[in-house]
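1. here's my sequence, what's the structure:
(chains A, B and C)
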Amino acid sequence: MARRRLRGERMKVLAMTSAVSFSKVSRHFGAVRAVDAVDLVIEPGEFFAMLGPSGSGKTTCLRLIAGFEQPTSGHIEIFGETAEGVPPYRRNVNTVFQDYALFPHMNILDNVAYGLMVKGVSKAERHRLADEALALVKLPGYGARKPGQLSGGQRQRVALARSLVNKPKVLLLDEPLGALDLKLREQMQEELKSLQRKLGITFIFVTHDQGEALSMADRVAVFSEGRIVQAGSPQEIYNRPRTRFVADFVGSSNVITPDAMAKLGGERKWASLRPEAIALAGEGVEARVKATSFLGSATRVSVQAGETALSVMVPAGHPVPEADAMVRLSWKPSDVHYMEGEA
Amino acid sequence: MSEVAATSILPKTDGPLGRLSDLFWRRPGLLLLLMLLPPLLWLGIIYVGSLIALLLQSFFAIDDFSGLVVYEITLDTYKQLLIPANFDIILRTILMAAAVTVASAALGFPIAYYAARYATGKWKAVFYLGVMLPLWSSYLVKVYAWKLILAKEGILTWIFEKLHLSWLLDAVLALPVIGGNSLSISYIGTFLVFVYIWLPYMILPTQAALERVPGNLIEASSDLGATPGQTFRTVLLPLALPGLIAGSIFTFSLTLGDYIIPQIIGSSRLFIGQAVYTQQGTAGNVPLAAAFSVVPIVIMGVYLWAAKRMGAFNAL
Amino acid sequence: MRSDRGQKAGWPLTLAAAGGIAFLHLPILLIFVYAFTTEEKSFQWPPPGFTTQWFAVAWNRPDVWDALILSLKVASIATAIALVLGTLAAAAVARTQFFGREAISLLVILPIALPGIVTGIALRSAFSLAEIPYSMWTIILGHGTFCVVVVYNNAVARFRRTSSSLIEASMDLGANGFQTFRYVILPNIATALLAGGMLAFALSFDEVIVTTFTGGQQSTLPIWMLQELIRPRQRPVTNVVAVVVVLATFLPILAAYYLTRDTESVAGSGK
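-> Here you go, the predicted model:
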């Protein structure tokens, strides 16, 4: 009831605010700076990815939004409201856990209805809503089973339904596809994406898989050592990595040292050059083919141009050189992306 | 499902429980303190307090003439432990504890090994319960059963008779020191019962340690041409050692402190437990009883320290 | 140690293992035979004849009943105390990192790690120093102390196996601390607590060493048996009581085993 009273007033405040904003947020564990002065704005309705290697602070950021961690310093807002000091059970934010964390002693229906149950929704109503949510994730009629009787992919869907039934403002997903096999992962990627579009809820997910981040998200933040190194659209991140770390981590891009770049005819700066932007034709640099590997839709050709090892993607249908053959490489100068600094 | 709730932060929950929950969430240390306080108070006051009281008593001495305790700090009582009669008691107990420990390890190892390596499915459960049930069944009933077995007119004498081996039993009983009138009043009897009662305590940690040895390690060893004996000595035994040591902590400690088994089955010569019991009871010399009970504490302290250094606690 | 080749053990090992298990069980089975013997004065084997009369005799002995009732009371209350203290200590140790966790574990384990006689005489000297008269409650003080560890061990093991994300998931879904305890933690540790409680009950019901020091003139069932062992009055009645005690302790132990057996895979709740 208190909730209904407040709803009207808050609606006005929330109209134009971002979904989640971090300003100078740090979380230190002893001497370890898990999250270090992070600034971040996530817009309502965005599908946002936090990408980074393990220990880069992305999961801690997720846990800061969920409320499992408190910032050591800095300020977090969720839809314009201060989140520090608010326990997880008072945040209208839900999490899909990496291990799904389904309650083993409850059946699927009670798992999904749990959030409604603790809020005091009547049994009939919460079971109806839970059934709806199960239908939404394409698991109708699974309510009576126990978590132990479901496959990994099905548990994932239940975890999703259990969160969505609460109509959260923000849905957090911790490595949501990490435990699934490849085929299932591709299928779930599409489903998550269409579910997010359909519901319009802000999705924030954490992953160490750059392919997953690039294919699913509207925007990606790349984490390294507790900081965000670059945030932007997948195209930006992929085509214009700001640092060597991003180029290394995000793509199969060729990262070229300043000296090598100068020899290859460019500026004396760190640069990245995507394999598919290099053509094995024309008048360019001479290189020796070291190895080729057939990838289906393309063939990856590893070449050695002087002291620089490069990888070149040859699309299917084009001739593939033999190993040890000499080839000439060419690319458009505009495809060379120069990065800031050394790191 | 498409309607999204309007607020991102829910209002504070009503009621004292909700407020208390918020408080505990903000101050996890407070919750921890509240959880720890009852067990700490109970164990700290009742148990540790009593132990300290006991320890203090051992530094008092009894007045030889009046028989009353003199409340002055002295080491006289500890000196009494070193007089031959008392020192014999300590030595006898330690020897018995060591013998029981070695025998338990020898008897327990095959059971633990079989249960860990060969028993599967139903047999696993049978072995587990086969060890757990005797472990947990009544101590006194088990002692009593052995009184029945070892009695002069009991089943063991009868079996030896039927096998025409009575001469063997008589020869064993005729041995000096460890023999006696009948098995139930000899050291052999005491030893047998100790081994029987504490054996499960040796099996369980040994089995736990062996469960962690990958089966292919043993196959690898025999693949490399080791004889079974070599495999046992060089692979199995070192890996099982932490478990055996953990088990020996139990068998050693339990034998050191027991006073009922030697009282019911054994010769009239005392063990530490009996000495404590008679000193504080009929003899009324509480300081000496306290000093006697410090002996197993010290021995076990040293033993535990050594065991910890050998990594035995990982097998518990 | 698991080998998936499924080879057989050699016969000397099988024999040693089977012999060991038999060695552990035969003496207890012997008690059952003796409960029916017609011989009253000695432990004669084989029994000269069989009778069920001693069960009736034991049934009508008020001293046996008094001892049994005291034992049941003590074991119930000590178990209740151990459940509360053991669960609290286990929750604190398993859930949080704090200075002195090891010390707490040691403190809980100490009462059974040290010989029972040390615990017994320590409590006795404390009671006499504090001038506390012997009563059922002095027995319970002792039993509660050493029963904590069984509950603690069971609860700690279960807490460790229960994924911490379950608690976070519950909080995430809107349950406050108390709701999380009621709906998630308690159901997940319930069988471990039940098992721990049953073992604590069995431990208390059977305890004799500490009880001799804290009981004064009162007789629990084990004290009664001890007295009969030292100064036998009617041996066949002791046999019958021994059989009853064996049966009474086997049941909770079997139940505790079945309660904790299948939970490993479920309580982990992982992938």
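
2. run a quick neighbour tally on the closest residue to chain A within the stretch 101-250 of chain B.
-> Using CB to the nearest CB, the single residue of the stretch 101-250 of chain B nearest to chain A is residue B:121, 19.6 Å away. C-beta: built from backbone N, CA, C; applies to glycine. Counted with other CB atoms under 10 Å in any protein chain shown, residues neighbouring residue B:121 total 7.

3. again with residue C:113
-> 16.

4. now it: closest residue in space, sequence neighbours ignored.
-> residue B:253 (6.6 Å; CB to CB, 6 or more residues apart in numbering or on different chains).

5. give me the pLDDT for the one you found.
-> Looking at residue B:253, its pLDDT is 85.

6. same for the host helix or strand of it, what does it pack against?
-> Using DSSP states H and E, residue B:253 maps to helix B:237-257. Packed against helix B:237-257, as judged by 3 or more CB pairs under 8 Å, 6 or more residues apart in numbering or on different chains; DSSP states H and E, are the following elements: helix B:84-117, helix B:187-211, helix B:272-280, helix B:286-309, helix C:116-129.

7. any chance of a markdown table for those helices, columns mean neighbour count and distance to residue A:337?
-> Shown next, in a markdown table, are the helices and strands packed on helix B:237-257 (neighbours: other CB atoms under 10 Å in any protein chain shown; distance: least, CB to CB, whole Å):
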| stretch | mean neighbour count | distance to residue A:337 |
| --- | --- | --- |
| helix B:84-117 | 20 | 60 |
| helix B:187-211 | 24 | 56 |
| helix B:272-280 | 25 | 82 |
| helix B:286-309 | 20 | 59 |
| helix C:116-129 | 25 | 75 |
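
8. quick check, pLDDT for the residue of the stretch 101-250 of chain B closest to chain A.
-> 75.

9. the stretch 1-150 of chain B: helices as residue ranges?
-> For the stretch 1-150 of chain B, the helices defined by DSSP state H, counting those that start in this stretch cover B:15-26, B:28-41, B:49-58, B:76-81, B:84-117, B:121-136, B:139-150.

10. per the record, what domains does the chain have?
-> Here I'm looking at chain A. Structurally, chain A divides into domains by automatic domain parsing as follows: A:2-245, A:254-338.

11. not quite, I wanted chain C
-> C:11-51, C:61-263.

12. show me what contacts the residue of the stretch 101-250 of chain B closest to chain A?
-> Neighbour list for residue B:121: empty [criterion: CB atoms under 8 Å, 6 or more residues apart in numbering or on different chains].

13. pLDDT value on residue A:197, please?
-> Predicted confidence (pLDDT) for residue A:197: 90.

14. how many neighbours does it have?
-> So residue A:197, with other CB under 10 Å, has 12 neighbours.

15. would you verify that it is located in a helix?
-> Yes: using DSSP: H, G, I helix; E, B strand; the rest coil, the assignment for residue A:197 is a helix.

16. where's the residue nearest to residue B:129 when sequence neighbours are not counted relative to residue A:328, distance?
-> Leaving out its chain neighbours, the residue that sits closest to residue B:129 by CB to CB, 6+ apart is residue C:257, at 6.3 Å. When distance is defined by CB to CB, to the nearest Å, residue C:257 is 76 Å away from residue A:328.

17. can you check residue A:211 too?
-> 31 Å.

18. returning to that earlier point: for the helix holding residue B:253, which residues meet the burial criterion?
-> For helix B:237-257, the neighbour count (16 or more other CB atoms under 10 Å in any protein chain shown) marks B:239-257 as buried.

19. which residue is nearest the centroid of the chain?
-> Picking chain A for this. Of all residues in chain A, the one closest to the mean position by CA atoms, centre = their mean is residue A:49, 2.9 Å from it.

20. actually, chain B is the one I wanted.
-> residue B:250 (2.5 Å).

21. ok, now which ones touch that one?
-> Contacts of residue B:250 (CB under 8 Å, 6+ apart): B:198, B:201-202, B:205.

22. residue of chain A closest to chain B, please.
-> residue A:79 (3.8 Å).

23. neighbours of that residue, just the number please.
-> The burial count for residue A:79: 24, using other CB under 10 Å.

24. quick one: contacts for the nearest residue to it once chain neighbours are set aside?
-> Nearest residue to residue A:79 in three dimensions, chain neighbours excluded: residue B:8, at 3.8 Å (CB to CB, 6+ apart). By CB under 8 Å, 6+ apart, residue B:8 lies in contact with A:14, A:78-81, A:91-93, A:169-170.

25. so which of the residues you listed wins on neighbours?
-> residue A:93 (28 neighbours).

26. who are the contact partners of that one?
-> Per CB under 8 Å, 6+ apart, neighbours of residue A:93: A:65-67, A:78, A:168-172, B:8, C:172.

27. let me know the pLDDT of the closest residue in space to it that isn't next to it in sequence.
-> Closest residue to residue A:93 apart from its sequence neighbours, by CB to CB, 6+ apart: residue A:170 at 4.6 Å. Residue A:170 is assigned 94 on the pLDDT scale.

28. and residue A:309, that's in a helix?
-> No: assessed by three-state DSSP, residue A:309 does not belong to a helix; its assignment is strand.

29. so it is in contact with residue A:301, correct?
-> No: judged on CB atoms under 8 Å, residue A:309 makes no contact with residue A:301 at a distance of 11.5 Å.

30. of these two, who's got more company?
-> residue A:301 (25 against 14).

31. for residue B:207, give me its contacts.
-> B:111-112, B:115-116, B:131, B:243.

32. tell me which of the helices of the stretch 1-150 of chain B lies nearest to residue A:56.
-> helix B:28-41 (26.2 Å; CB to CB).

33. how far away is the closest residue to residue B:187 other than its chain neighbours from chain C?
-> Leaving aside its chain neighbours, residue B:187 sits nearest to residue B:178 (4.4 Å; criterion: CB to CB, 6+ apart). Distance, residue B:178 to chain C, by CB to the nearest CB, to the nearest Å: 20 Å.

34. show me the contacts for residue B:178.
-> By CB under 8 Å, 6+ apart, the neighbours of residue B:178 are B:186-188, B:191.

35. give me the distance from the helix holding residue B:253 to the chain's centre.
-> Centroid displacement of helix B:237-257 relative to its chain, using CA atoms, centre = their mean, to the nearest Å, is 8 Å.

36. next one: stretch C:141-151
-> The answer for stretch C:141-151 is 10 Å, by CA atoms, centre = their mean.

37. flag every buried residue along stretch B:126-143.
-> Quick answer for stretch B:126-143 (16+ other CB under 10 Å): B:127-143.

38. give the rounded mean pLDDT of it.
-> On average, stretch B:126-143 scores 85.

39. C-alpha coordinates for it, CSV please?
-> The C-alpha trace of stretch B:126-143 is given here as CSV (Å, rounded to 0.1, in the frame of the first residue of the first chain):
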residue,chain,number,x,y,z
VAL,B,126,26.7,-51.2,4.0
PHE,B,127,30.3,-50.5,4.9
TYR,B,128,29.5,-47.0,6.0
LEU,B,129,26.7,-48.1,8.3
GLY,B,130,28.8,-51.1,9.3
VAL,B,131,31.3,-48.7,10.8
MET,B,132,28.9,-46.0,12.0
LEU,B,133,26.5,-48.3,13.9
PRO,B,134,29.2,-49.8,16.2
LEU,B,135,30.7,-46.3,16.6
TRP,B,136,27.4,-44.8,17.8
SER,B,137,26.0,-47.7,19.7
SER,B,138,26.1,-47.6,23.4
TYR,B,139,29.6,-47.6,24.8
LEU,B,140,28.6,-49.4,28.0
VAL,B,141,26.7,-52.0,26.1
LYS,B,142,29.8,-52.7,24.0
VAL,B,143,32.0,-52.9,27.1
